[in-house]
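**Student:** Dropping a prediction and its sequence here:
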Amino acid sequence: MPETPAPIDYAQLAANIKRWAGDFGFQDIGITDLDLSEAEVGLHEYLAAGHHGSMTWLQDRAHMRSHPDTLHAGAIRAICVSMNFAQANIKQAWEVLHDDQKAYISRYALGRDYHKVLRKRLQKFADRIQAHVGPFGYRAFCDSAPIMEKPLAQKAGLGWRGKHTLTLSRTAGSYFFLGEILTDLPLPIDAPVPDYCGSCTRCITACPTGAIVSPYKLDARRCIAYLTIEHKGSIDSELRPLMGNRIFGCDDCQLVCPWNKYAQITMEADFAPRSGLEGPQLADLFAWDEATYLAKTEGMSIRRAGYESWLRNIAIALGNAAYAPDVAAALNTRLDHPSEVVREHVLWALAQQDEKHREANGILP
């Protein structure tokens with residue numbers, strides 16, 4: 001008679017899983033159940049307020065987002081992990097933001113697309129677990145499929161929800177990516193951590209467009225990250241001057257957060273900046289044709305914006321720059337661009353440059 005397999009010690013398995021996590025480059029790990037009923041209430045309030053803007057997929061799959069078990073049959077637990085992405089020179093971000101001739105790109109997007117990095121590591125992590133316990137049901141996620149990553153991570157004890165709505169950790173700030181493995185393994189769960197934001201409101205005050213409408217509430221329609229990446233078409237002329245030189249994402253709420261003094265520097269070579277995009281000249285980027293854009297951003301998250309939005313965003317930043325003949329010259333090269341969206345924002349930017357030129361020279365309207 002074949003031997004009956006020994007029962008699995010799930011407490012020991014959870015301890016092993018947490019120990020193995022570091023082997024795959026994860027800095028923190030926690031385990032939680034899949035009850036997101038509290039987060040579901042917040043999601044419906046967010047959608048009802050229209051704060052999701054044009055991200056209709058958030059509404060279309062709202063039920064799946066708040067019920068992770070619908071994403072993988074039999075799932076009862078989420079193994080949540082984090083991976084740091086902060087570079088040693090992340091504080092130099094302010095230097096780029098204060099130089100209006102340069103382009104600011106959110107620090108998370110300077111290296112390889114994190115989706116690719118984490119998904120590969122999560123698969124290897126799952127393989128390690130399977131080698132130990134045998135076949136088990138699981139599905140790995142990294143900002144993919146309709147899953148509420150931040151609420152799961154917060155339930156698993158990886159951090160708390162900051163007033164800017166990002167996940168904050170006392171040992172890592174907010175400069176980290178999240179990933180999950182949904183599984184049918186009945187692992188013991190971890191406890192969430194308290195909210196340590198206290199009375200601090202620096203992130204709310206720092207938001208350039210006032211997108212953090214109140215503590216823990218973000219209106220994506222005013223968020224520069226949404227405007228430069230997710231939103232397609234024309235950007236409200238009221239918001240353009242507030243965007244400064246931010247052409248892909250925005251980090252202001254994180255840069256001012258006191259907890260980010262504890263951010264851990266990444267050891268992942270994949271997250272090192274590529275193509276000299278830490279603080280490039282706006283005019284140089286505006287000169288890229290689509291083939292150059294695709295070549296320079298290959299394998300990077302920046303691809304999500306698309307070339308048209310890339311030019312649109314840079315045009316706004318050039319319009320926000322101090323007057324300079326080379327800025328106007330760069331804008332003039334795109335006056336006949338085939339995209340109506342690009343032409344509209346170029347004309348706006350040229351008008352801004354002309355107004356600044358007149359003011360600098362005391363020329364009356």
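**Tutor:** All right, it came through fine.

**Student:** give me the beta-bridge partners of L168?
**Tutor:** W160 (DSSP bridges).

**Student:** thinking I8 is in contact with H132, fair?
**Tutor:** No. I8 lies out of contact with H132 (Cβ atoms under 8 Å); the separation is 9.4 Å. (Glycine included, C-beta is placed from N, CA and C.)

**Student:** got the phi/psi numbers for L350?
**Tutor:** Backbone torsions of L350, given as degrees, to the nearest 10, read phi -60, psi -40.

**Student:** mind checking pLDDT for N361?
**Tutor:** N361 carries a pLDDT value of 79.

**Student:** do you know how far it is from L335?
**Tutor:** As defined by Cβ to Cβ, to the nearest Å, N361 lies at a distance of 23 Å from L335.

**Student:** ok, those two, which is more surrounded?
**Tutor:** Higher neighbour count among N361 and L335: L335, with 11 against 8, using other Cβ atoms under 10 Å.

**Student:** Closest to the mean position in this structure, which residue would that be?
**Tutor:** Among the residues of the chain, Y108 comes closest to the average C-alpha position under Cα atoms, centre = their mean, at 6.8 Å.

**Student:** Which residue is the nearest non-sequential neighbour of that one?
**Tutor:** The shortest distance from Y108 to any residue other than its chain neighbours is 5.4 Å, reached at F85 (Cβ to Cβ, 6 or more residues apart in numbering).

**Student:** show me where the stretch 101-250 of the chain has helices.
**Tutor:** Shown for the stretch 101-250 of the chain, the helices assigned by DSSP state H, counting those that start in this stretch span residues 114-133, 149-155, 202-206, 224-225.

**Student:** and the first one, what other elements does it pack with?
**Tutor:** Helices and strands touching helix 114-133, by 3 or more Cβ pairs under 8 Å, 6 or more residues apart in numbering; DSSP states H and E, are helix 10-21, strand 77-84, strand 138-141, strand 176-183.

**Student:** helices or strands next to the longest one in the packing?
**Tutor:** Read that as helix 10-21. When contacts are defined as 3+ Cβ pairs under 8 Å, 6+ apart, helix 10-21 sits against strand 28-33, helix 114-133.

**Student:** Please point out which parts of it sit buried.
**Tutor:** L13, A14, I17, K18, W20, A21 (16 or more other Cβ atoms under 10 Å).

**Student:** likewise stretch 260-278?
**Tutor:** Buried residues in stretch 260-278, counting neighbours by 16+ other Cβ under 10 Å, are found at N260, A263, Q264, T266, E268, D270, F271, P273, R274, L277, E278.

**Student:** what's the answer for stretch 48-66, then?
**Tutor:** H51, H52, G53, L58, A62, R65, S66.

**Student:** for stretch 118-125, same thing?
**Tutor:** L118, R119, R121, L122, F125.

**Student:** Looking at stretch 118-127 now, give me its mean pLDDT.
**Tutor:** On average, stretch 118-127 scores 97.

**Student:** contacting residues around it?
**Tutor:** Surrounding stretch 118-127, the residues in contact under the criterion Cβ atoms under 8 Å, 6 or more residues apart in numbering are 20-21, 24-26, 81, 83, 138, 140-142, 144, 177, 179-181.

**Student:** pLDDT check: weakest of those?
**Tutor:** S144 (78).

**Student:** and it, what is it in contact with?
**Tutor:** Contacts here follow Cβ under 8 Å, 6+ apart; on that basis S144 touches H115, R119.

**Student:** same for the helix or strand of the chain with the lowest mean pLDDT, what does it pack against?
**Tutor:** When the helices and strands of the chain are compared on mean pLDDT, DSSP states H and E, helix 56-60 comes out lowest with a mean of 85. Contacts of helix 56-60 with other secondary structure elements, assessed using 3+ Cβ pairs under 8 Å, 6+ apart, are made with helix 37-48.

**Student:** buried ones in the helix it packs on?
**Tutor:** Neighbour-count burial for helix 37-48, counted by 16+ other Cβ under 10 Å, picks out A39, E40, G42, L43, Y46.

**Student:** Which secondary structure elements does it sit against?
**Tutor:** Using 3+ Cβ pairs under 8 Å, 6+ apart as the contact criterion, the secondary-structure elements in contact with helix 37-48 are helix 56-60, helix 62-66.

**Student:** can you redo those as a markdown table with distance to K150?
**Tutor:** Compiled in a markdown table, the helices and strands packed on helix 37-48 are given as follows (distance: least, Cβ to Cβ, whole Å):
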| stretch | distance to K150 |
| --- | --- |
| helix 56-60 | 13 |
| helix 62-66 | 11 |
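
**Student:** can you tell which of these is closest to V342?
**Tutor:** Relative to V342, the nearest member of the helices and strands packed on helix 37-48 by Cβ to Cβ is helix 56-60, separated by 24.0 Å.

**Student:** what distance separates the closest one from the middle of the whole chain?
**Tutor:** Averaging C-alpha coordinates over helix 56-60 and over its chain gives two centres that are 18 Å apart (Cα atoms, centre = their mean, to the nearest Å).

**Student:** Can you report how many residues lie near the closest residue to T167 other than its chain neighbours?
**Tutor:** Spatially, and ignoring its direct neighbours in sequence, T167 is nearest to G159 (4.3 Å; Cβ to Cβ, 6+ apart). The number of residues packed around G159, counting by other Cβ under 10 Å, is 28.

**Student:** what's the distance between G159 and D190?
**Tutor:** Distance, G159 to D190, using Cβ to Cβ: 12 Å.

**Student:** hmm, who's touching the least confident helix or strand of the chain?
**Tutor:** Contacts with helix 56-60, where a contact means Cβ under 8 Å, 6+ apart, come from L43, L47, H52, R65, P146.

**Student:** Quick one: these as a markdown table, columns for pLDDT and distance to I90 too.
**Tutor:** As requested, the contacts of helix 56-60 are exported to a markdown table (pLDDT from 0 to 100; distance: Cβ to Cβ, whole Å):
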| residue | pLDDT | distance to I90 |
| --- | --- | --- |
| L43 | 92 | 31 |
| L47 | 92 | 33 |
| H52 | 93 | 29 |
| R65 | 90 | 30 |
| P146 | 88 | 31 |
